[in-house]
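In: just a sequence and a predicted model for now, questions to come.
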Amino acid sequence: MEEEEQPFSSAAFTLSRACLCSLRLGRVYDRRVGFCADLFVLPTHSESFGMAVAEALAHGMPVLTTTAAPWQILRDRGCGWWVDATIDGIAEGLQQATSLDTETLRAMGAKGRAFVVAEFGWKRIANLMLSTYEEVLAHSDRRREKRSLQPILGR
């Protein structure tokens with residue numbers, strides 16, 4: 001018989017369905033359960049991007065991470081919490097997150113998914129790559145044109 005889900009409890013809050021990420025876990029998705037959490041938490045002291053944050057948002061989960069990750073947009077877009085990288089900062093963020101009902105968390109997750117699709121979707125990335133290549137080619141053409149004019153100008 002399967003064990004019943006037991007919530008994590010403390011004097012400050014109760015958290016029954018959160019996904020906590022650590023370097024040991026190394027993933028947001030578990031093949032056995034999928035994305036079943038109401039909230040993704042990445043307590044970190046250093047992240048250059050935080051791919052796990054983008055993955056969680058792409059799957060419609062609001063995110064709580066620290067200011068050591070470059071994700072201020074979570075707060076700005078209403079799809080999560082960007083808190084101080086301290087015990088008090090994380091605890092305060094968890095208190096705020098767990099005080100919300102499931103529907104509010106789902107709405108925040110939907111905002112996060114919309115943001116990730118708009119900013120990191122294949123169409124946008126392909127257009128950025130195309131623009132980059134066009135700039136490189138245009139710069140190369142200008143250099144080639146300048147070199148071809150040098151003998152004419154006597155330089």
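Out: Sure thing, it's come through.

In: for Leu25, give me the pLDDT.
Out: With respect to pLDDT, Leu25 scores 38.

In: what's the local residue count around Thr67?
Out: Using other C-beta atoms under 10 Å, Thr67 has 15 neighbouring residues. C-beta coordinates here come from the backbone N, C-alpha and C atoms, glycine included.

In: distance of it relative to Gly50?
Out: 12 Å (C-beta to C-beta, to the nearest Å).

In: how about Val63?
Out: 9 Å.

In: settle it for me: which of the two has more neighbours?
Out: Comparing Val63 with Gly50 by other C-beta under 10 Å, the one with more neighbours is Val63, at 29 against 20.

In: so what pairs up with that one in the strands?
Out: Phe40, Gly80 (DSSP bridges).

In: surely it is in contact with Leu42?
Out: Yes. Counting by C-beta atoms under 8 Å, Leu42 is a contact partner of Val63 at 6.8 Å.

In: my guess is Glu92 contacts Trp82. True?
Out: No. Applying C-beta under 8 Å, one finds Glu92 not in contact with Trp82, separated by 11.8 Å.

In: of these two, who's got more company?
Out: Trp82 (20 against 15).
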